[in-house]
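Engineer: Output the structure for:
(chains A and B)
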Amino acid sequence: GAVVSQHPSWVICKSGTSVKIECRSLDFQATTMFWYRQFPKQSLMLMATSNEGSKATYEQGVEKDKFLINHASLTLSTLTVTSAHPEDSSFYICSARSKGQGMTAYEQYFGPGTRLTVT
Amino acid sequence: DAKTTQPPSMDCAEGRAANLPCNHSTISGNEYVYWYRQIHSQGPQYIIHGLKNNETNEMASLIITEDRKSSTLILPHATLRDTAVYYCIVRPYYGGATNKLIFGTGTLLAVQP
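Structural biologist: Now for the predicted structure:
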């Protein structure tokens, strides 16, 4: 149980275009989802936190107009990188926190990540 | 900033126990110690968490000192597939706006054949 999926697993896009990444909690309801970014040989950096039905809260230094986050349901959040540039190339990882029921209460589970390359 | 300190890297022989230390001297009373690991190019994987008692599951054991200022993750019989970056994180247990998992630099565990 407690599986989080991401789609796509990797994507290549041209500079100036937008790309959407999906994050789904497959077998639990996630009231809160998190988006992280990881550059090569670095740790995960939290970008934003989103609660279902609410606007996302962005960490300092993360451009909310560039990284659009939608959390429309208890099982789906999307991250759209708008007007992508080569410096946005990174490994994007989502995470979902369970609703607070049973054994998985409040635990946070991670997706497999999406490798974005902007050319 | 991360509230934990871990050695940047460790080696372990295959089949031996891997003991990964973590210092969290400023841990608060309501904060749990969580361990995650990240195998190369994958998302982090939850390992174990605890408050003050030692914990064990099918993956590992967690030993927390009595003053809670440090802990050790123990992989009893390391395999090559345990090669990963291991992250020690402290955070309150219950959900809330400030209860985010903030990753430090972790420990790269290299299991040697």
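
Engineer: Please count neighbours and contacts with C-alpha atoms only from this point.
Structural biologist: Will do.

Engineer: so where's the chain shaky on pLDDT?
Structural biologist: By default, I'm working from chain A. A:1, A:100-106 (pLDDT under 70).

Engineer: actually it's chain B I care about, not the one you picked
Structural biologist: Using pLDDT under 70, chain B drops low at B:1-2, B:93-98.

Engineer: who's in contact with the residue of chain A found nearest chain B?
Structural biologist: Proximity of chain A to chain B (CA to the nearest CA) peaks at A:Pro112, 4.3 Å away. A:Pro112 makes contact with A:Val4, A:Ser5, A:Gln6, A:Ser9, A:Ile93, B:Gln42, B:Gly43, B:Pro44 under the criterion CA atoms under 8 Å, 6 or more residues apart in numbering or on different chains.

Engineer: how close does B:Ile27 sit to B:Lys52?
Structural biologist: Separation of B:Ile27 from B:Lys52 (CA to CA, to the nearest Å): 11 Å.

Engineer: before we move on, what about A:Gln108?
Structural biologist: A:Gln108 is 20 Å from B:Lys52, by CA to CA.

Engineer: Show me which of the two is the more surrounded one.
Structural biologist: A:Gln108 (22 against 18; other CA atoms under 10 Å in any protein chain shown).

Engineer: Please verify my assumption that that one contacts B:Tyr34.
Structural biologist: No - proximity of A:Gln108 to B:Tyr34 does not meet the contact threshold set by CA atoms under 8 Å, at 10.4 Å.

Engineer: Can you give me the neighbour number for residue 99?
Structural biologist: I went with chain A, as the question did not name one. What A:Lys99 shows, counting by other CA under 10 Å, is a neighbour count of 18.

Engineer: actually chain B
Structural biologist: Count around B:Asn99 with other CA under 10 Å applied: 14.

Engineer: if I pick residue 22, what's in contact with it?
Structural biologist: Since no chain was named, I'll use chain A. A:Glu22 neighbours (CA under 8 Å, 6+ apart): A:Gln6, A:His7, A:Pro8, A:Leu76, A:Ser77, A:Thr78, A:Leu79.

Engineer: That was the other one, I meant chain B.
Structural biologist: Contacts of B:Cys22 by CA under 8 Å, 6+ apart are B:Thr4, B:Thr5, B:Gln6, B:Pro7, B:Ser70, B:Ser71, B:Thr72, B:Cys88.

Engineer: How about A:Ile69?
Structural biologist: By CA under 8 Å, 6+ apart, the neighbours of A:Ile69 are A:Ser50, A:Lys55, A:Ala56, A:Ser77, A:Thr78, A:Leu79, A:Thr80.

Engineer: make it 6 Å
Structural biologist: Contacts for A:Ile69 (CA atoms under 6 Å, 6 or more residues apart in numbering or on different chains) come out as A:Thr78, A:Leu79.
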